[in-house]
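**Q** How does the following fold in three dimensions:
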Amino acid sequence: MDYGHIKGFLDKFKKILSQKEVSSRIIAETITKHISFEIKQDLINIKNGIIFINSSPSIKNEILIHKQGIISDLNKFLPQSHFKDIK
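**A** Okay, the predicted model is just below:
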């Protein structure tokens with residue numbers, strides 16, 4: 001039996017997952033550049049162009065202070081994603 005078609009199907013998911021990892025890493029690095037705290041990749045969720053950060057209120061407040069600069073930088077680095085907001 002030929003299972004080549006299954007391998008091709010699963011490779012699509014592998015590519016999608018690796019793209020999400022790269023996006024999360026770039027987002028974490030960009031936010032860390034703008035604020036005085038380090039943000040880890042596992043604290044970031046992306047849904048419909050909105051970035052959700054799971055962290056303390058003080059970190060979220062600092063992120064919101066620098067929100068426009070962060071979104072501007074992210075849209076330069078990841079133009080295909082077109083981020084709208086950070087929450």
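**Q** Now do the contacts for Ser24.
**A** Residues in contact with Ser24 (CB atoms under 8 Å, 6 or more residues apart in numbering) are 41, 44, 46. Every residue, glycine included, has its C-beta placed from N, CA and C.
**Q** so which strand or helix has it?
**A** helix 4-34 (DSSP states H and E).
**Q** rewinding a little: just name the closest of the contacts of Ser24 to Ile71, please.
**A** Ile46 (12.6 Å; CB to CB).
**Q** in this structure, which segments are predicted with low confidence?
**A** 1-4, 10, 13-18 (pLDDT under 70).
**Q** The residue nearest to the spatial centre of the chain and Asn61: what is the separation?
**A** By CA atoms, centre = their mean, the chain has its centre lying nearest to Ser24, at 3.3 Å. Between Ser24 and Asn61 the computed distance is 22 Å (CB to CB, to the nearest Å).
**Q** cool, and Ile26?
**A** From Ile26 over to Asn61 the distance is 23 Å, taken as CB to CB.
**Q** Name the residue in the two with the higher neighbour count.
**A** A direct count of neighbours by other CB atoms under 10 Å for Ile26 and Asn61 places Ile26 higher, at 16 against 10.
**Q** Now Ile70. Nearest residue, chain neighbours left out?
**A** Excluding its sequence neighbours, the residue lying closest to Ile70 (CB to CB, 6 or more residues apart in numbering) is His34, at 5.2 Å.
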